[in-house]
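J.: this one's structure only:
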Ligand SMILES: N[C@@H](CCC[C@H](N)C(=O)O)C(=O)O
């Protein structure tokens, strides 16, 4: 089968976007998992953190299904949703639309540039819950806020929340990637505590309303950035730290930066995640029916927007270097 796709990224968290509205495909669930594993492979595939399947929806302008590079499906993907928002906003010529995700229909829009020349998209991150059962995390307490999880680390505290995919967040003085990888691997190997796995993030507070976040993603490993993790980390560092509700929090990451605005909603919270949705190139693959082999066709690069994004990345790296993170 022939599959046209766009290689895109949000903060260097990269995806293969497959538009099934424009090019209908009749993939079964096994083929979706197998194609994700085949194409996301960094050594023998195209290489990406996941696949974004864009499908028709009865409740919104489109529906997003997100598969991690290991073939598992996630409830939500913040950086991916910005890429899908950009794709559908371009296709429909509208500035504000809604996208259906696994657990909610979410508002997305094109907003003021986060950095000169970088088209910027805002996506709603909700529903949010601190109930351990929502991750799920098998503990008796009603919440797990700033608590020790000895299975992950003997010297850190974590806060557990779903946004609505599962996260645990630890505020640290220094981000040690090796330590994060070990904690992430442990967290995803104890189904008795986290039956569906969990994304693990370390957050360094750089200033009031400015943080650096790195994440070990369930189904992927260490990534440049994770949108839902940066949203969860913004909320946790507002509750436990110096950040403020209603004020854009600058979230630095290895792939650039985003803004997160934590808002009060009813008895709880919602977050607005704002950042790039950059197309790298478009191409096509021909995949065999067993989804074990593929052939990639010519690539057409989007040079201009990538050059503009590189400037944002250089700026973000200089900020992070000066803090010696
Ligand atoms: N990188 C994504 C989240 C992708 C899903 C995650 N790995 C999970 O399994 O929950 C983001 O930008 O939010």
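T.: In hand now; what should we look at? From a predicted model like this one, the values you see are computed outputs, not experimental measurements. Residues are numbered from 1 along each chain as shown.

J.: drop to CA atoms for contacts and neighbour counts, all remaining ones
T.: OK.

J.: The stretch 51-200 of the chain against the ligand: which residues are in contact?
T.: 68, 74, 77-80, 165 (CA under 6 Å from any ligand atom).

J.: mind listing the helices for the stretch 201-325 of the chain?
T.: For the stretch 201-325 of the chain, the helices defined by DSSP state H, counting those that start in this stretch occupy 227-239, 303-322.

J.: Can you tell me which of those helices is nearest to the ligand?
T.: helix 227-239 (3.4 Å; CA to the nearest ligand atom).

J.: elements contacting that closest one?
T.: In terms of contacts (3 or more CA pairs under 8 Å, 6 or more residues apart in numbering; DSSP states H and E), helix 227-239 is packed against helix 78-92, strand 157-162, strand 166-171, strand 199-207, strand 210-217, strand 249-253, strand 256-265, strand 268-276.

J.: Mind putting the ones you listed into JSON lines with mean neighbour count and mean pLDDT?
T.: What follows is the helices and strands packed on helix 227-239, written out as JSON lines (neighbours: other CA atoms under 10 Å; pLDDT from 0 to 100):
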{"stretch": "helix 78-92", "mean neighbour count": "23", "mean pLDDT": "98"}
{"stretch": "strand 157-162", "mean neighbour count": "25", "mean pLDDT": "98"}
{"stretch": "strand 166-171", "mean neighbour count": "27", "mean pLDDT": "98"}
{"stretch": "strand 199-207", "mean neighbour count": "23", "mean pLDDT": "97"}
{"stretch": "strand 210-217", "mean neighbour count": "25", "mean pLDDT": "98"}
{"stretch": "strand 249-253", "mean neighbour count": "26", "mean pLDDT": "98"}
{"stretch": "strand 256-265", "mean neighbour count": "22", "mean pLDDT": "97"}
{"stretch": "strand 268-276", "mean neighbour count": "24", "mean pLDDT": "98"}
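
J.: So what's the residue count around the residue lying closest to residue 73 once chain neighbours are set aside?
T.: Residue nearest to residue 73 in three dimensions, not counting chain neighbours: residue 67, with 4.3 Å by CA to CA, 6 or more residues apart in numbering. Using other CA atoms under 10 Å as the criterion, residue 67 is surrounded by 28 other residues.

J.: Does residue 67 lie in a helix or a strand, and which?
T.: strand 62-68 (DSSP states H and E).

J.: next helix or strand past that strand?
T.: Counting by DSSP H and E, what follows strand 62-68 is strand 73-74.

J.: Got the domain ranges for the protein?
T.: Here the domain parsing of the chain from automatic domain parsing is 2-124+276-323, 132-274.

J.: what about the last one, distance to the chain center?
T.: Its chain's C-alpha centre lies 12 Å from the corresponding centre of domain 132-274 when counted by CA atoms, centre = their mean, to the nearest Å.

J.: now the first one
T.: Domain 2-124+276-323 has its average C-alpha position 10 Å from the chain's average C-alpha position, going by CA atoms, centre = their mean.

J.: gap between the two ends of it?
T.: Start-to-end span of domain 2-124+276-323 (CA to CA, to the nearest Å) is 47 Å.

J.: Number the chain from 101, please
T.: Let's use 101 as the start, then, which means that last one is domain 102-224+376-423.

J.: gap between the nearest residue to residue 231 once chain neighbours are set aside and residue 268?
T.: Once flanking residues are discounted, residue 231 sits nearest to residue 243: 5.4 Å by CA to CA, 6+ apart. Distance, residue 243 to residue 268, by CA to CA: 12 Å.
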